[in-house]
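Enquirer: A predicted structure for the sequence below; I have some questions about it.
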Amino acid sequence: MAAVAVAVGAMVVPVGYRNLCWAAVSAALADCYAVVPAVSACALATKYVGGGDACAGYNAACDRDWAIETVLRDLRLLASKPEVRVSDQRLLDALRLGRPPVLWIRWRGAAGTVGHYLLLVAMDGANCTVLDPGLPAPHKWTGPIAALREGSYRDTGKWDTTLFTQPPKKAKTVK
């Protein structure tokens, strides 16, 4: 398989990032699709969480797994409902169209299930590259896609759900 990649700008993760992976991934997608005006992860978090600057330190209210679907729907970037068991071919097709998919990773532990969002930006054979707002800058991880599927991403994370994206059907302004 030939390498396929989508040009996505640098992922900007708020200082003191906690529980804002959905906002960072949404902002990176808005940048990829040139949503006007440009939006930041902090602006999205503040708008969808409410109550002042959501990026001013730790804010438990920012831990909203559902928020990414709402944000992407509002920006008209969401192309599908969440899907499970997506084939590599389907991911490649999306990347070839310049439409990076969002991957939801889950970790199971004593506190229950914890989720985390990644943005798939490249595939090359059995390997892939994701933007992960939980990693240090430049927030990239490259490794076997099997690690995501089998539950060994960053120790025990397992890819659970995929959101497919699309360019906005018409310009959408975020206030």
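Expert: In hand now; what should we look at? Note that the structure is a prediction, hence the values are computed from the model and not measured. Numbering: from 1, shown residues only.
Enquirer: gap between the nearest residue to residue 102 once chain neighbours are set aside and residue 2?
Expert: Among residues not flanking residue 102 along the chain, residue 163 sits closest, at 4.1 Å (Cβ to Cβ, 6 or more residues apart in numbering). In short, each C-beta sits where N, CA and C put it, glycine included. Distance check for residue 163 against residue 2: by Cβ to Cβ, to the nearest Å, it reads 25 Å.
Enquirer: likewise residue 13?
Expert: Residue 13 sits 31 Å away from residue 2, going by Cβ to Cβ.
Enquirer: With neighbour numbers in mind, choose between those two.
Expert: Here residue 13 and residue 2 are set side by side on neighbour count (other Cβ atoms under 10 Å), and the busier one is residue 13, at 25 against 8.
Enquirer: same for the helix ranked longest in the chain, what does it pack against?
Expert: Of all the segments assigned as helix in the chain under DSSP state H, the longest by residue count is helix 21-32. Where contact means 3 or more Cβ pairs under 8 Å, 6 or more residues apart in numbering; DSSP states H and E, helix 21-32 is packed against helix 41-49, helix 67-74, strand 112-124.
Enquirer: Output the ones you listed as a markdown table; include the columns distance to residue 148 and mean pLDDT.
Expert: Listed next are these as a markdown table, based on distance: least, Cβ to Cβ, whole Å; pLDDT from 0 to 100:
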| stretch | distance to residue 148 | mean pLDDT |
| --- | --- | --- |
| helix 41-49 | 23 | 84 |
| helix 67-74 | 17 | 91 |
| strand 112-124 | 8 | 86 |
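Enquirer: Dump the longest helix of the chain to PDB, restricted to CA.
Expert: What follows is helix 21-32 as a C-alpha-only set of coordinates in PDB (Å, rounded to 0.1, in the frame of the first residue of the first chain):
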ATOM      1  CA  CYS A  21      -8.700  16.500  23.600                       C
ATOM      2  CA  TRP A  22     -12.100  16.900  21.900                       C
ATOM      3  CA  ALA A  23     -11.500  20.700  21.500                       C
ATOM      4  CA  ALA A  24      -7.900  20.300  20.300                       C
ATOM      5  CA  VAL A  25      -9.000  17.700  17.700                       C
ATOM      6  CA  SER A  26     -12.000  19.800  16.600                       C
ATOM      7  CA  ALA A  27      -9.800  22.900  16.200                       C
ATOM      8  CA  ALA A  28      -7.300  21.000  14.100                       C
ATOM      9  CA  LEU A  29     -10.100  19.800  11.800                       C
ATOM     10  CA  ALA A  30     -11.500  23.300  11.500                       C
ATOM     11  CA  ASP A  31      -8.000  24.400  10.500                       C
ATOM     12  CA  CYS A  32      -7.600  21.500   8.000                       C
END
